[in-house]
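Could you work out the structure for the sequence below:
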Amino acid sequence: MKVVFLGTASCFPTPTRGVSCTALQLDSGELWLFDCGEGSQVQLQRSSLKAGKVTKVFITHLHGDHLFGLPGLLCTLGNGLDPARAAATTVEVIGPLGLRKFLAVTLGLARSPLPFQLAVVELEPRADQYPAGWADWRIGEELEGG
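Numbers count the residues shown, from 1 in each chain. The predicted model follows:
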């Protein structure tokens, strides 16, 4: 097993530092990513790791510096994938409630169908684990301005 730090906690990518993304390379060669901030696919390409070996992506929370790179990474994983192999390939994405909606909206608006199977597993907290005021945060309402 090998751990590769692709980005280490910058809140936005810079020329010398990537945002949160850590790769775990299993002995089988399979890659699991933990978080996927903006620019993670570039950091992955710069490393000695193979993007085609990514089988699981774990998203710790829905802040942009931990997931804004995920739609682009998923699209990159599908590039050049043999159609016969794509049908038998599944990438699993595990993270908090709301992850499925984020991916459906971003990939849908971008008209970016994936050639492989995407399995999204959302982890939902118990009622007592939500922070105070959670239900007051409105999602999906029109943005101000513009």
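
Report the helix or strand with the lowest average pLDDT across this protein.
helix 83-87 (a mean of 85; mean pLDDT, DSSP states H and E).

Which other helices and strands does that one contact?
For helix 83-87, there is no helix or strand it packs on, judged by 3 or more CB pairs under 8 Å, 6 or more residues apart in numbering; DSSP states H and E. C-beta coordinates here come from the backbone N, C-alpha and C atoms, glycine included.

next SSE after it?
Going down the chain from helix 83-87, the next helix or strand is strand 90-96, by DSSP states H and E.

show me where pLDDT drops low in the protein?
The chain contains residues with pLDDT under 70 at 9-10, 140-146.

switch the cut-off to 50
Along the chain, segments meeting pLDDT under 50 are nowhere present.

Would you map the helices across it?
40-46, 64-67, 70-78, 83-87, 99-109 (DSSP state H).

measure the residue positioned nearest the centre of the chain to Leu49 for me?
Nearest to the geometric centre of the chain sits Leu70, at 3.2 Å (CA atoms, centre = their mean). Taking CB to CB, to the nearest Å as the measure, Leu70 falls 17 Å from Leu49.

can you tell me which residues contact Gly69?
Contacts for Gly69 (CB atoms under 8 Å, 6 or more residues apart in numbering) come out as 19, 21, 36-41.

Let's have the residues you listed in a markdown table, adding distance to Thr106 and neighbour count.
Shown next, in a markdown table, are the contacts of Gly69 (distance: CB to CB, whole Å; neighbours: other CB atoms under 10 Å):
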| residue | distance to Thr106 | neighbour count |
| --- | --- | --- |
| Val19 | 17 | 27 |
| Cys21 | 17 | 27 |
| Cys36 | 12 | 31 |
| Gly37 | 14 | 25 |
| Glu38 | 13 | 23 |
| Gly39 | 16 | 22 |
| Ser40 | 15 | 29 |
| Gln41 | 14 | 22 |
